[in-house]
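K.L.:
let's see this in three dimensions:
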Amino acid sequence: MSEMPLSAIEIVSPRQSVFDITEKFKIFFELGIKSCWLVEPITGVITVFSSPDKAQTFSTISDEILDIRLPIQ
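P.N.:
Below is the predicted model:
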């Protein structure tokens with residue numbers, strides 16, 4: 001792959017922890033990915049990380065990098 005994608009999306013499964021996914025996001029940011037989404041189906045929220053230490057949680061998703069705004073249903 002010559003270019004990294006703009007965004008990565010991870011959906012929490014029953015066998016994963018949020019901690020494990022956020023650790024993976026740190027690697028993604030080091031590789032040049034600009035935005036990481038953490039989808040939590042049980043709670044119905046999505047957390048968008050713009051860096052390993054900067055995140056916002058939404059019930060309506062908004063990602064300025066991808067120019068996306070969607071209600072979560």
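K.L.:
what segments of this structure are strands?
P.N.:
Counting by DSSP state E, the chain has strands at residues 7-11, 35-40, 45-51, 54-58, 60-63, 68-71.
K.L.:
any idea how far the last one is from the chain center?
P.N.:
Put simply, strand 68-71 sits 14 Å off its chain's centre (CA atoms, centre = their mean, to the nearest Å).
K.L.:
what is the mean pLDDT for it?
P.N.:
Strand 68-71 shows a mean pLDDT of 77.
K.L.:
for the third one, same thing?
P.N.:
Mean pLDDT, taken over the full extent of strand 45-51, equals 92.
K.L.:
nearest to F19, out of the strands of the chain?
P.N.:
strand 35-40 (11.0 Å; CB to CB). Just so you know, the C-beta spots here come from the backbone N, C-alpha and C atoms, and that holds for glycine as well.
K.L.:
partner strands of that closest one, parallel or antiparallel?
P.N.:
Here strand 35-40 has these sheet partners by DSSP bridges: strand 7-11 (parallel), strand 45-51 (antiparallel).
K.L.:
quick one: the longest one to strand 54-58, angle?
P.N.:
Put plainly, it is strand 45-51. 160 degrees (axes from the mean of the first three to the mean of the last three CA atoms, to 10 degrees).
K.L.:
contact partners of strand 45-51?
P.N.:
Under the criterion CB atoms under 8 Å, 6 or more residues apart in numbering, residues 22, 25, 29, 34-40, 55-59, 61-63, 65, 72 lie in contact with strand 45-51.
K.L.:
then the shortest one?
P.N.:
Judged by CB under 8 Å, 6+ apart, the contacts made with strand 7-11 from elsewhere in the structure are 21, 24-25, 28, 33-39, 41, 63, 65-66.
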